[in-house]
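1. output the structure for:
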Amino acid sequence: MKILLSGITSFIGAALSKELLLSGHEVYGLVRADSKNMDRLSAHDNLYLIQRDMKSVEDMNPKALPKFDVCIHLAWDGVGSAGRMNEEIQKDNIEVTIKFIKKCKELGVKRFIFAGSQAEYGQSLEKHIEKKCDELVAEEPVSMYGKAKLQIAKRAARLCEELGMEYIHLRIFSVYGSSDHETSLVSSCIRHFRSKKKEALRLGECEQKWNYMYISDCVKAVKELVQVRELSERTEKFYKDEVFLPEELYRKNVINVASEDTRILKEFALEIADIYGQRENIEFVRKTPGAEGIPYLDPDISKLEALCGFKPDISFKEGVELIEKLYSL
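-> Here you go, the predicted structure:
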């Protein structure tokens, strides 16, 4: 397949492009000319980079490019704590994405895959459902980031149907790996324990449920959704007993992307400490929650399993050990 991939130098994008290339696909990556993460990409005969800012995707010339089978849209501004609450940045993201979908129709794309987020559900320690969160749970996003991603879920589903393209809306939960953000819990724990500092690492109370997915399992799931055939038929079979109101039909396009390992977050932190033999070097203290509250992640991935037979390969312990090996090289 010929695959158009935005956000190719991102944490997930770089790993995904490598996996797609290893599977024999041709990958055309959209990348800013000033991207600081180009070193995440390795040269490959089937990797082609298109230097373009997402705000100028309308100017892409279909005659200068091949016809694409699939587009995977990962690029998104304002993912940090400040940007997530910035209404203007998130509005721009929405408009850019809608324009990109329309351009993809001109480029021959048959399946458009968008990276949504668990933030669309708005589940928090203070307010959450008492069951696993599946794709039919009513969304109550708190941040402008989550609200914008949800807007895409609704608008893109309708637009892609009008344009004759399949639409997949990935609700990605918590992915970790060696290139994860340095302030994430996993990165913070590994960095602290490797340093062998005498003072204890002070984390929040970590009382909420959490789900961790290793980066290779995440890209495996996305690759399988790129390649799966008869997606519409499989989706209809999965929802054969469900009745949808017109305004709810977009939920058929939503797919949770997560692992099977959901636990209290504190348990994950202690497991990392145990791997390094430093359980006594960690403290859990009360901290002031951010603007979105304390996220609560308890995903149901039965739809992902049913549509493409997905099963994760890497346990949390194995993932942490793989990161340690990379740090040790």
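
2. quick one, phi psi at the nearest residue to residue 209 once chain neighbours are set aside?
-> Spatial nearest neighbour of residue 209, excluding adjacent residues (Cβ to Cβ, 6 or more residues apart in numbering): residue 298 at 4.5 Å. Yep, even glycine has a C-beta here, placed from its N, CA and C like the rest. Per-residue torsions, residue 298: phi -140, psi 70 (degrees, to the nearest 10).

3. list the contacts for residue 298?
-> If a contact means Cβ atoms under 8 Å, 6 or more residues apart in numbering, then residue 298 has 123, 128, 131-133, 209, 211, 262 as its contacts.

4. would you map the strands across the stretch 151-300 of the chain?
-> According to DSSP state E, counting those that start in this stretch, the stretch 151-300 of the chain carries its strands in the segments 166-172, 174-176, 201-203, 209-214, 254-257, 262-264, 282-284.

5. with mean pLDDT, distance to residue 143 and mean neighbour count added, can I get the ones you listed in a markdown table?
-> Compiled in a markdown table, these are given as follows (pLDDT from 0 to 100; distance: least, Cβ to Cβ, whole Å; neighbours: other Cβ atoms under 10 Å):
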| stretch | mean pLDDT | distance to residue 143 | mean neighbour count |
| --- | --- | --- | --- |
| strand 166-172 | 98 | 14 | 23 |
| strand 174-176 | 98 | 16 | 22 |
| strand 201-203 | 96 | 22 | 16 |
| strand 209-214 | 98 | 18 | 23 |
| strand 254-257 | 98 | 18 | 24 |
| strand 262-264 | 98 | 22 | 15 |
| strand 282-284 | 96 | 25 | 16 |
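
6. what's the burial count for residue 38?
-> Around residue 38 sit 14 other residues, with neighbours defined as other Cβ atoms under 10 Å.

7. any idea how far residue 182 is from it?
-> The gap separating residue 38 from residue 182 is 19 Å, by Cβ to Cβ, to the nearest Å.

8. same check on residue 24?
-> Between residue 24 and residue 182 the distance, using Cβ to Cβ, works out to 34 Å.

9. what's the answer for residue 241, then?
-> Noted for residue 241: a distance of 45 Å to residue 182, by Cβ to Cβ.

10. got it, and residue 46?
-> Look at residue 46 and residue 182: by Cβ to Cβ, they are 31 Å apart.

11. then residue 23?
-> Taking Cβ to Cβ as the measure, residue 23 and residue 182 are separated by 30 Å.

12. who's more crowded, these two?
-> For residue 23 against residue 182, the residue with the higher neighbour count under other Cβ under 10 Å is residue 23, and the figures read 11 against 8.

13. what's around the closest residue to that one other than its chain neighbours, how many residues?
-> Of all residues not flanking residue 23 in the chain, residue 223 sits nearest, at 6.3 Å (Cβ to Cβ, 6+ apart). One way to gauge burial is a neighbour count; for residue 223, by other Cβ under 10 Å, it gives 20.

14. offset the numbering so it begins at 35, please.
-> Let's use 35 as the start, then, which means that last one is residue 257.

15. correct me, but residue 257 touches residue 51?
-> No: in terms of Cβ atoms under 8 Å, residue 257 does not count as a neighbour of residue 51; the distance is 10.5 Å.

16. helices along the stretch 35-184 of the chain, start to end?
-> 45-56, 121-140, 178-197 (DSSP state H, counting those that start in this stretch).
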